[in-house]
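Q: Would you be able to build a 3D model of this:
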Amino acid sequence: MIIDMHVSLDAAPEPGALVDRAKNVGLDGIVLAGSDGSFPSVDALKTAAKDKGLSVFAATRVKTTNGLLLCLVPNPDQPLAEGWAERKDGFFVATTVIDALKERGGIAIALRPYDREVEKPMGDTIFTLVGLAACETQNPKAPQSANNLALEAASNLELPCIGSSSARTPEELGTAATLFRKKVGTESELIDALTHGECWPIGFGTRIPRPDRPSNDRRGGRGGDRDGGRGRRGGRGGGGGGGGRGRGGDRDRGRGGDRGGPRGPGPGPGSGAIPDPMRSGESRGEARGGGPRRGRRRGGGGRGGPVSEDAGNRRDPRENQELPENLGNRVESEREIADDIGNRLRPGERNRFAPKEEEVEDPTDHRGNR
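A: Sure thing, here's the model as predicted:
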């Protein structure tokens, strides 16, 4: 059973229109909330919703010194007594509200505890409030960061979580709600289900959120259909596999397809550009599309026709000059190179650091042997 746990009286200008809107968005019940401790009369709304299968509950919303509280009691048709909870500077004291509701068999639920748009938001004081029955963790009017903090606090406190739209217009109805395990039809059954934690917050939207994934997660390479991405289906060819390599549209990047229109003319006379001899000759084939190519392919081993002798030379052949034989030789051939080039010793000077040559006696010399 799906119930929007907090709907303002402003969203119910006409009971029939509110019931129709609630059923159209998929709700099974709504909690219509008054303010400042007053419970709204929902008899007319219950009558209009009876034939449509919609359950209607009454509650009240109070502003406290520690944020907003949604109050539920088993018998909302009995008004709260005067001074049922303490006030301070125009706000109810949160602890006295929780205690007063407990005496009547009711419960208090923290609404948007971390939303700074709320006057006197609850914040971390939620950890000091003893007796809370549940915490709102899904509300489209609160920032996602506030909802995340509320969920973290509820998890630490082991509180049941709810969701609501805080709708003030019929169009806002059902943008967030609470899923209950069992069907509830009265305020007493609703309180019992919340107390036992048989509820879960849910959100509705027109767009399904897509989780972020790292950029290196290719999921099978570039193949397959990716929503407007650079996916390739069927290799590099434009006709293979039914799809090109488009960046968001049907763009054919195949080697054999039409590249789109004729090529522009080459440099005209007087443009100052040096004519390129490689641009002359027949095209490498009409299959490329876009008109004939203006020159042979530079290299390629026969893919684009015969290669000229001056292929790869960017200069005009008429400007080529014969290179001298000694090009690159830093010493002219007719220059005499001194014998002692690189020798730091003067002519006739002996290197004093060179090892001394000692005279070795010849063992074959027997002149001294008698």
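Q: Tell me, how many residues neighbour the residue nearest to residue 66 when sequence neighbours are not counted?
A: With Cβ to Cβ, 6 or more residues apart in numbering as the criterion, residue 66 has its nearest non-adjacent residue at 4.1 Å, and that residue is residue 94. (Glycine included, C-beta is placed from N, CA and C.) Residue 94 has 28 neighbours, counted by other Cβ atoms under 10 Å.
Q: Tell me which residues touch residue 94, please.
A: 64, 65, 66, 67, 69, 122, 129 (Cβ atoms under 8 Å, 6 or more residues apart in numbering).
Q: What about those residues, which are in strands?
A: Taking DSSP state E, the ones among the contacts of residue 94 that sit in strands are 64, 67, 69.
Q: Check the gap between the first one and residue 74 for me.
A: Okay, so that is residue 64. 22 Å (Cβ to Cβ, to the nearest Å).
Q: before we move on, back to that, any chance of the ones in strands among the contacts of residue 94 in TSV, with neighbour count and pLDDT too?
A: Formatted as TSV, those follow (neighbours: other Cβ atoms under 10 Å; pLDDT from 0 to 100):
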residue	neighbour count	pLDDT
64	24	96
67	24	95
69	25	98
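Q: tell me which of the residues you listed is nearest to residue 86?
A: The nearest member of those to residue 86, counting by Cβ to Cβ, is residue 64 at 10.0 Å.
Q: what about residue 166, how many neighbours?
A: Residues near residue 166, counting by other Cβ under 10 Å: 25.
Q: Same check on residue 159?
A: Residue 159 - counted by other Cβ under 10 Å - has 20 other residues nearby.
Q: now residue 81
A: 10.
Q: try residue 156
A: 10.
Q: other SSEs contacting the host helix or strand of it?
A: According to DSSP states H and E, residue 156 maps onto helix 144-157. Counting contacts by 3 or more Cβ pairs under 8 Å, 6 or more residues apart in numbering; DSSP states H and E, helix 144-157 packs against strand 134-138.
Q: and the angle for the strand it packs on with helix 144-157?
A: 150 degrees (axes from the mean of the first three to the mean of the last three Cα atoms, to 10 degrees).
Q: Please list the residues outside strand 134-138 that contact it.
A: 5-6, 70, 107, 109-113, 126, 147, 150-151, 153-154, 157, 159-164, 176, 194, 199, 201-203.
Q: let's see 7 Å
A: The contact list for strand 134-138 (Cβ atoms under 7 Å, 6 or more residues apart in numbering) reads 109-113, 147, 150-151, 153-154, 159-164, 176, 194, 201-203.
Q: Verify the stated contact: residue 55 with residue 27.
A: No - counting by Cβ atoms under 7 Å, residue 55 sits too far from residue 27 to count as a contact (9.2 Å).
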